[in-house]
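>>> Return a 3D structure for these sequence lines:
(2 chains)
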Amino acid sequence: MSFLKRIVLDVLKPHQPSILEFANSIADQHENCRVQITVAEVDEKTETTVIVIEGEQIPYEQITEVITSLGGSIHSIDEVEVVNLPPTEN
Amino acid sequence: MFSELKFLFKLASASDIARRYFVTNGFDGALTMLGLVIGFYSSSQAPNGVILAACLGAAIALTVSGLVSAYISESAERKKELSELEQALVKNMDDSAHAKAAKLVPIFVAAVNGLSPLIISLIIISPMGLSLSGYELPIPPLQFSIIIAFITLFALGIFIGKISGQFWLWSGFRTLLIAVITAAIILLIDNIITFPAINH
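Numbers count the residues shown, from 1 in each chain, chains lettered A, B, ... in the order given. Next comes the predicted model:
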C-alpha cells in the first residue's frame, strides 16, 4: 500500500486568511503533519504560495478541500514523495 | 459553530465594520431622541403617552432604516469584493469561506446597525415608559429622558475615544458639546417659531 509522505503545491490564495491560518487549517487535517508555506509573489488581491506538507500518510483529498474552502486555488503539484510500505503482519 | 463564525467575521473584518456602524447609527438614534424630547419639552403641550408614542415610532423607523440600508449596502459591497476575488483567482468561490462570509456578514452588520439606535432610543425614553407604568421618578420623565440622552451621547463619545486611542474624557465632552449645540438650536428655533396647535 502506498502512502503520500511529502507534497509541494503551488497555490494561489487571497491575502485573507493569512498564511499562518492557512498552515494551521492544513495541519489540523492530519496528526504529525508538518506544513511549511512560503510566499513567492504578492499581487493586489492575491499571493502565490509554495506549500510543503510532510507527514506519514498525508490525506491529499482532505487537504485540497481545505485549501479550496479557504479560497485557495491549486495551480500545480510541484513535488511528491510516495512510499510503498509492506503490509504489517498481526 | 462559534469558532467558525469568529473565523468568518475575522476573514471579513466584520467586527471593525460593525463597530463603525454601531457608533454611527447609535449616535443617530441618540441625537434623534434628544431632538424629539427637547422639542416636546419646548412645546410643553403634549402628554407623556403622545411623547412616548412619537419617540417609539421614530426609534422603530430608525431600526428598520438601519437594518435595510446596512444589509443592502454591505451585501452589495461583499458581492463586489467576492466577484473581484473570483476574477483575481480565476475560479468560482461558491464553496469557500469567503462566500459564506459574504452572506453572513451583511446580516450581522445589519443587525448591529438596526439594533444600536433601537437600544439607545429605548434607554433614553425609558423614564417616560416607567412613568406611564406608574413608577415614581425623582424628576419629571421628560427632563429625565433629556438627562439620559446627554449621558448616552457622552458615553458614546467615551467609546469613540477608546477606539481611536484619544483621551476618553475629551472625546466624551466633544460629543456632549454636539448634543448641547443641537439642543440649543432646537430650543432657539422653537422660541422663534410659534407652532399652532393642530386639531384633528
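>>> In chain A, what residue comes closest to chain B?
A:Lys45 (4.1 Å; C-beta to the nearest C-beta). Every C-beta, even on glycine, is put in place using the N, C-alpha and C of the backbone.
>>> my read: that residue touches B:Ala88, true?
Yes - in this structure A:Lys45 lies within contact range of B:Ala88 using C-beta atoms under 8 Å: 4.1 Å.
>>> Ramachandran coordinates for the residue of chain A closest to chain B?
phi -120, psi -10 (degrees, to the nearest 10).
>>> okay, now it: neighbour count?
Here the number of neighbours of A:Lys45 (other C-beta atoms under 10 Å in any protein chain shown) works out to 14.
>>> Ok, B:Arg78 next?
Using other C-beta under 10 Å: B:Arg78 sits among 21 other residues.
>>> which residues does it contact?
Neighbour list for B:Arg78: B:12, B:101-103, B:105-106 [criterion: C-beta atoms under 8 Å, 6 or more residues apart in numbering or on different chains].
>>> go again using 6 Å as the cut-off
By C-beta atoms under 6 Å, 6 or more residues apart in numbering or on different chains, the contact list for B:Arg78 reads B:102, B:106.
>>> Tell me the predicted confidence for it.
Looking at B:Arg78, its pLDDT stands at 92.
>>> how distant is the helix or strand hosting it from the center of its chain?
Counting by DSSP states H and E, the element that carries B:Arg78 is helix B:48-89. Relative to its parent chain, helix B:48-89 has a centroid offset of 11 Å by C-alpha atoms, centre = their mean, to the nearest Å.
>>> quick one: the helix or strand immediately after it in the chain to helix B:48-89, angle?
Later in the chain than helix B:48-89, the nearest helix or strand by DSSP H and E is helix B:97-132. Put simply, helix B:97-132 runs at 170 degrees to helix B:48-89, going by axes from the mean of the first three to the mean of the last three C-alpha atoms, to 10 degrees.
>>> Show me what the helix or strand just after helix B:97-132 is packed against.
Following helix B:97-132 in sequence order, the next helix or strand is helix B:141-164 (DSSP H and E). Helix B:141-164 sits against helix B:14-43, helix B:97-132, helix B:168-192, with contacts defined as 3 or more C-beta pairs under 6 Å, 6 or more residues apart in numbering or on different chains; DSSP states H and E.
>>> can you tell me the average pLDDT over the longest one?
Across helix B:97-132, the average pLDDT comes to 94.
>>> go on, the last one?
Mean per-residue pLDDT for helix B:168-192: 93.
>>> in it, what counts as buried?
B:171-176, B:179, B:182-183, B:186 (16 or more other C-beta atoms under 10 Å in any protein chain shown).
>>> Can you give the contact residues for that helix?
With C-beta under 6 Å, 6+ apart as the test, helix B:168-192 has contacts from B:34-35, B:38-39, B:42, B:150, B:153-154, B:156-158, B:160-162.
>>> What subset of those is buried?
Looks like those have B:34-35, B:38-39, B:42, B:150, B:153-154, B:156-158, B:160-161 buried, using 16+ other C-beta under 10 Å.
>>> Point out the least confident member of those, please.
B:Ser42 (88).
>>> which SS state does the residue nearest to the spatial centre of chain A fall under?
In chain A, the residue lying closest to the centroid (C-alpha atoms, centre = their mean) is A:Ile53, at 4.8 Å. Here A:Ile53 is strand, with the state taken from DSSP: H, G, I helix; E, B strand; the rest coil.
>>> which ones are touching it?
A:Ile53 touches A:7, A:35, counting by C-beta under 6 Å, 6+ apart.
>>> Relative to A:Glu21, how far out is it?
Applying C-beta to C-beta, to the nearest Å, the value for A:Ile53 to A:Glu21 is 16 Å.
>>> ditto for B:Thr24
30 Å.
>>> quick check, A:Val39 in a helix?
No - counting by three-state DSSP, A:Val39 is not found in a helix; it is strand.
>>> so A:Val80 touches A:Ile7, yeah?
Yes - in this structure, A:Val80 is within contact of A:Ile7 by C-beta atoms under 6 Å, at 5.2 Å.
>>> higher neighbour count, the two?
A:Ile7 (19 against 13).
>>> Would you mind measuring from the more buried one to A:Ser25?
In terms of C-beta to C-beta, A:Ile7 sits 16 Å off from A:Ser25.
>>> Repeat that for B:Phe7.
B:Phe7 is 9 Å from A:Ser25, by C-beta to C-beta.
>>> next one: A:Glu47
16 Å.
>>> Would you mind writing the CA trace of stretch A:59-74 as PDB?
Provided in PDB are the C-alpha atoms of stretch A:59-74 (Å, rounded to 0.1, in the frame of the first residue of the first chain):
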ATOM      1  CA  PRO A  59      -4.700  12.800   3.200                       C
ATOM      2  CA  TYR A  60      -4.400  14.700  -0.100                       C
ATOM      3  CA  GLU A  61      -8.200  14.900  -0.800                       C
ATOM      4  CA  GLN A  62      -8.900  16.500   2.600                       C
ATOM      5  CA  ILE A  63      -6.100  18.900   2.200                       C
ATOM      6  CA  THR A  64      -7.300  20.100  -1.300                       C
ATOM      7  CA  GLU A  65     -10.800  20.500   0.200                       C
ATOM      8  CA  VAL A  66      -9.400  22.800   3.000                       C
ATOM      9  CA  ILE A  67      -7.300  24.800   0.500                       C
ATOM     10  CA  THR A  68     -10.400  25.300  -1.700                       C
ATOM     11  CA  SER A  69     -12.600  26.200   1.200                       C
ATOM     12  CA  LEU A  70     -10.100  28.900   2.300                       C
ATOM     13  CA  GLY A  71     -10.300  30.400  -1.200                       C
ATOM     14  CA  GLY A  72      -7.000  28.900  -2.500                       C
ATOM     15  CA  SER A  73      -6.500  27.500  -6.000                       C
ATOM     16  CA  ILE A  74      -4.000  24.700  -6.600                       C
END
